[in-house]
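Chemist: Sequence first, predicted coordinates after that:
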Amino acid sequence: MSAKDQLKKSNLKGGTVSKSEANRRLSRFQIYIGIALLASASFGIYLLVTDKSLWLQAVSHAYGLVAICAIDIVLGAGNLLSQRRLILPSFGWAVLTILLQIGDIATASQYHMSVQNFATYLFGLWAFDSLLAVQGVVLIVGLSTRSYSKMLVKKKRVTYFDMGLGNSRRDFIQIGATIGGLFALAAALGAWVVLSPPASSSVVPPPGNSTGTTNTSNLPSGAVANVRELQAGVPAYFDYPTAGYTNMLMKKANGTVSAISILCTHVCCQCQYQSATQELYCPCHGSVFDQNGNVLNGPASSKLPSVQLTIDSNGNIFPVKIVGSGPCVQGS
């Protein structure tokens with residue numbers, strides 16, 4: 001060990017560590033940070049590829065996650081290359097990523113779900129939990145680098161972790177701009193998610209299927225259809241009790257009429273009616289229901305709620321109430 005290194009020895013974690021050893025440890029910690037950030041990106045990409053509800057129900061969430069994955073990759077690669085000035089931005093980005101992901105729970109209404117049900121769904125996704133976990137690793141490792149960063153401060157030059165009263169205005173502005181930029185980016189992503197309009201409540205049937213839509217212009221107030229206008233075996237759709245809570249109205253061959261919600265009881269995606277099989281298919285995760293709302297194939301585990309109907313002497317159909325329960329918010 002050189003005399004210069006001997007002079008650079010400092011008390012650290014109960015022992016003495018040379019500058020060269022501190023540099024090696026800091027490099028090792030940056031490797032951990034880089035691996036964790038790249039792992040976070042891989043979990044985010046997995047969610048983007050496998051969870052269709054992101055793209056079908058809240059596209060702004062999907063694009064926000066794309067941005068998070070891209071920044072994770074850039075910061076991860078930079079840390080693997082031992083770019084010292086990326087330590088603090090990586091630490092700050094981990095904090096903001098965790099806040100953004102958990103903050104998504106507040107946008108449950110875009111999924112027609114309650115906050116509690118949406119939180120249960122998100123934390124039930126192993127990739128979502130893993131993404132949060134590895135960002136937590138970045139926080140822990142980032143804090144562990146602080147002491148080593150201080151040891152490696154060069155004369156007339158400070159690290160992001162060594163800001164004090166004696167630092168120059170230029171250093172203060174540089175650090176403030178870095179942190180402020182991260183907060184601005186997080187705020188922009190958050191605003192994008194919150195202000196983006198929810199997915200359209202209109203039903204897009206699979207190609208080749210015939211579907212009907214109700215014409216309420218000639219109907220009395222509160223009516224959703226008239227029996228005479230319905231075709232047997234051809235569904236018609238209406239929102240009740242609020243916009244976005246879409247139901248399927250079906251006239252059977254014997255003339256009876258029934259209605260069920262088409263919001264899947266898994267994550268409230270809108271199901272699509274398959275005329276060939278007379279089943280309802282959820283495009284988000286593949287759940288299948290029969291015409292009565294019974295589950296034929298998961299991951300949904302509960303029956304689709306039905307709509308109690310009343311029909312007046314002129315054949316006008318009025319929804320009365322939702323019968324059954326599920327995770328989807330009905331409104332009032």
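Modeler: On my side now, so go ahead.
Chemist: Let me know the secondary structure of Leu219.
Modeler: Leu219 carries the three-state label coil when classified by DSSP: H, G, I helix; E, B strand; the rest coil.
Chemist: What's the mean pLDDT across the host helix or strand of Ser40?
Modeler: Using DSSP states H and E, Ser40 sits in helix 19-50. Average pLDDT, helix 19-50: 90.
Chemist: How far away from the center of its chain is it?
Modeler: Offset of helix 19-50 from its chain centre (CA atoms, centre = their mean, to the nearest Å): 22 Å.
Chemist: That one packs against which elements?
Modeler: For helix 19-50, the packing partners by 3 or more CB pairs under 8 Å, 6 or more residues apart in numbering; DSSP states H and E come out as helix 59-80, helix 87-103, helix 126-144, helix 146-151. For the C-beta atoms, the positions are set from N, CA and C on the backbone; glycine is no exception.
Chemist: what is the rounded mean pLDDT of the shortest one?
Modeler: What helix 146-151 shows for mean pLDDT is 66.
Chemist: Show the contacting residues for Gly286.
Modeler: Shown in contact with Gly286 (CB atoms under 8 Å, 6 or more residues apart in numbering): 297, 299.
Chemist: Name the SS class of it, please.
Modeler: The assignment at Gly286 comes out as coil when based on three-state DSSP.
Chemist: what about the helices and strands packed on helix 19-50, which gets the closest to Val115?
Modeler: Val115 lies closest, by CB to CB, to one member of the helices and strands packed on helix 19-50: helix 87-103, at 11.4 Å.
Chemist: Keeping just the C-alphas, turn stretch 245-252 into CSV.
Modeler: Taking Å, rounded to 0.1, in the frame of the first residue of the first chain, the C-alpha atoms of stretch 245-252 are listed here in CSV:
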residue,chain,number,x,y,z
TYR,A,245,-70.7,-0.5,-16.1
THR,A,246,-71.8,-2.3,-19.2
ASN,A,247,-74.3,-5.1,-19.4
MET,A,248,-75.5,-7.5,-22.1
LEU,A,249,-79.2,-7.9,-22.9
MET,A,250,-80.2,-11.2,-24.5
LYS,A,251,-83.5,-12.4,-25.9
LYS,A,252,-83.8,-16.1,-25.9
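Chemist: What are the contacting residues of it?
Modeler: Among residues not part of stretch 245-252, those counted as contacts by CB under 8 Å, 6+ apart are 112, 201, 203, 214, 224-225, 227, 230-240, 257-263, 270, 273, 280, 291, 307, 317, 319, 328-331.
Chemist: Now the buried members of those residues.
Modeler: Among the contacts of stretch 245-252, those classed as buried by 16 or more other CB atoms under 10 Å are 112, 203, 214, 224-225, 227, 230, 235-238, 240, 257-263, 270, 273, 280, 291, 307, 317, 319, 328-330.
Chemist: What's the local residue count around Ala243?
Modeler: 10 (other CB atoms under 10 Å).
Chemist: who wins for proximity to Ala22 among the helices and strands packed on helix 19-50?
Modeler: For the helices and strands packed on helix 19-50, distance to Ala22 was read as CB to CB. The smallest value, 4.4 Å, belongs to helix 146-151.
Chemist: picking that back up, which one, of the helices and strands packed on helix 19-50, ends up nearest to Lys19?
Modeler: Per CB to CB, nearest to Lys19 of those: helix 146-151, 6.1 Å.
Chemist: Could you chop the chain up by domain?
Modeler: What the record gives for the chain is the domain set 3-195, 212-323, from automatic domain parsing.
Chemist: Now tell me which of these the model trusts least on average.
Modeler: Across those, domain 3-195 gives the lowest mean pLDDT, at a mean of 77.
Chemist: quick one: contacts for the residue nearest the centre of the chain?
Modeler: Averaging the C-alpha coordinates of the chain gives a centre point, and the residue nearest to it by CA atoms, centre = their mean is His61 (5.3 Å). By CB under 8 Å, 6+ apart, the contact list for His61 reads 54, 104, 107, 110, 193.
Chemist: quick one: which of the helices and strands packed on helix 19-50 is nearest Ser301?
Modeler: Each of the helices and strands packed on helix 19-50 has some distance to Ser301 by CB to CB; the shortest is helix 126-144, at 18.2 Å.
Chemist: And the strands in the stretch 101-250 of the chain?
Modeler: Secondary structure of the stretch 101-250 of the chain (DSSP state E, counting those that start in this stretch): strands at 212-213, 225-226, 236-239, 246-251.
Chemist: chain center to the second one, what's the gap?
Modeler: Centre-to-centre, strand 225-226 and its host chain are 38 Å apart (CA atoms, centre = their mean).
Chemist: before we move on, what about the last one?
Modeler: Taking CA atoms, centre = their mean, the mean C-alpha location of strand 246-251 is offset from the chain mean by 30 Å.
Chemist: measure Leu54 to Thr310 for me?
Modeler: Separation of Leu54 from Thr310 (CB to CB, to the nearest Å) stands at 39 Å.
Chemist: Tell me what the residue nearest to Glu279 when sequence neighbours are not counted is bridged to.
Modeler: With CB to CB, 6 or more residues apart in numbering as the measure, Val288 is the residue that lies nearest to Glu279, at 5.5 Å, once sequence neighbours are left out. On DSSP bridges, the residues paired with Val288 through beta bridges are Tyr281, Asn297.
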